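Student: okay, predicted coordinates and the sequence, questions at the end:
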Amino acid sequence: MTDWGGQLDQLVRQRGDALLRYAWLLTGDASAAEEIVQDALVGVMTRNGNLRDPGAVEGYVRRAILSRYVDGYRRRRRWVGVRHLLVAPPSTGSAADDVDARTDVVAALAVLAPRVRACVVLRYYEDLSVAETADQLGLSVGTVKRYTSDGIRALERVLGPVRSASDHDTVTVTATGGPARPAPPGGDADGTPQHPETPRSAR
């Protein structure tokens, strides 16, 4: 019989901080992050008989965290320390300037709707592809593209051009009323025009 209790205990010791950080990015609140992680751990423990791969315990817990966020944990407007979602610009050497840059990120992320923010977190923090993000959230690929693009547009209104941690292409967003970059070949199945493409969306 699989020692799920032992595996979960080991996971908490070795990866507890990473799980809390992930939940924190989704909820925007330290207390809510702790609560959602605990709830996810309990959920995984209680349904361990149905889990097919004991070696993927962290994946099950992360999926449970995301599911609980999407199902009921809604955003709060206190975002702290999420600069690693994006590639930070070179430090100016001024602590005040760096704090201002972090404040800009807080303001930008605070306005994102829950599912839009979830798409941004999964694409940029978890480094998932569009298809993987769609699978995690139970959304269509086209919807993930739209949500991610909308999130990037909202971020760029405050931050300027955004780069992902794993890609070199800058996300190009035109000014209001300016010429938009042509959409990639093909469109969403529902016929909605696509926004300018976000990094890694072709995956």
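Tutor: Structure's in. What do you need? Residues are numbered from 1 along each chain as shown.

Student: quick one: least confident helix or strand in this protein?
Tutor: The weakest-scoring helix or strand in the chain, judged by mean pLDDT, DSSP states H and E, is helix 95-110 (a mean of 55).

Student: what mean pLDDT does whatever helix or strand comes next after that one have?
Tutor: Counting by DSSP states H and E, the next helix or strand C-terminal to helix 95-110 is helix 114-120. Helix 114-120 shows a mean pLDDT of 86.

Student: list the buried ones in helix 114-120?
Tutor: Judged by neighbour count using 16 or more other C-beta atoms under 10 Å, the buried positions of helix 114-120 are 114-120. Just so you know, the C-beta spots here come from the backbone N, C-alpha and C atoms, and that holds for glycine as well.

Student: swap in stretch 23-32?
Tutor: For stretch 23-32, by 16+ other C-beta under 10 Å, it's 23-29, 32.

Student: got TSV for those, with distance to residue 158, secondary structure and pLDDT too?
Tutor: Formatted as TSV, the buried residues of stretch 23-32 follow (distance: C-beta to C-beta, whole Å; DSSP: H, G, I helix; E, B strand; the rest coil; pLDDT from 0 to 100):
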residue	distance to residue 158	secondary structure	pLDDT
23	24	helix	89
24	20	helix	86
25	17	helix	84
26	20	helix	84
27	21	helix	81
28	16	coil	78
29	21	coil	81
32	23	helix	86
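
Student: got a markdown table for the residues you listed, with distance to residue 42 too?
Tutor: Converted to a markdown table, the buried residues of stretch 23-32 look like this (distance: C-beta to C-beta, whole Å):
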| residue | distance to residue 42 |
| --- | --- |
| 23 | 14 |
| 24 | 19 |
| 25 | 21 |
| 26 | 18 |
| 27 | 17 |
| 28 | 22 |
| 29 | 19 |
| 32 | 16 |
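
Student: and which of these is nearest residue 146?
Tutor: Nearest to residue 146, judged by C-beta to C-beta, of the buried residues of stretch 23-32 is residue 26 at 19.4 Å.

Student: distance check, the closest one against residue 143.
Tutor: Relative to residue 143, residue 26 is positioned 18 Å away (C-beta to C-beta, to the nearest Å).

Student: what about the residue nearest to residue 126 when sequence neighbours are not counted, helix or strand, and which?
Tutor: Excluding its sequence neighbours, the residue lying closest to residue 126 (C-beta to C-beta, 6 or more residues apart in numbering) is residue 22, at 7.5 Å. Following DSSP H and E, the helix or strand that holds residue 22 is helix 4-27.

Student: show me what that helix is packed up against.
Tutor: Applying 3 or more C-beta pairs under 8 Å, 6 or more residues apart in numbering; DSSP states H and E, we find helix 4-27 packed against helix 30-46, helix 57-71.
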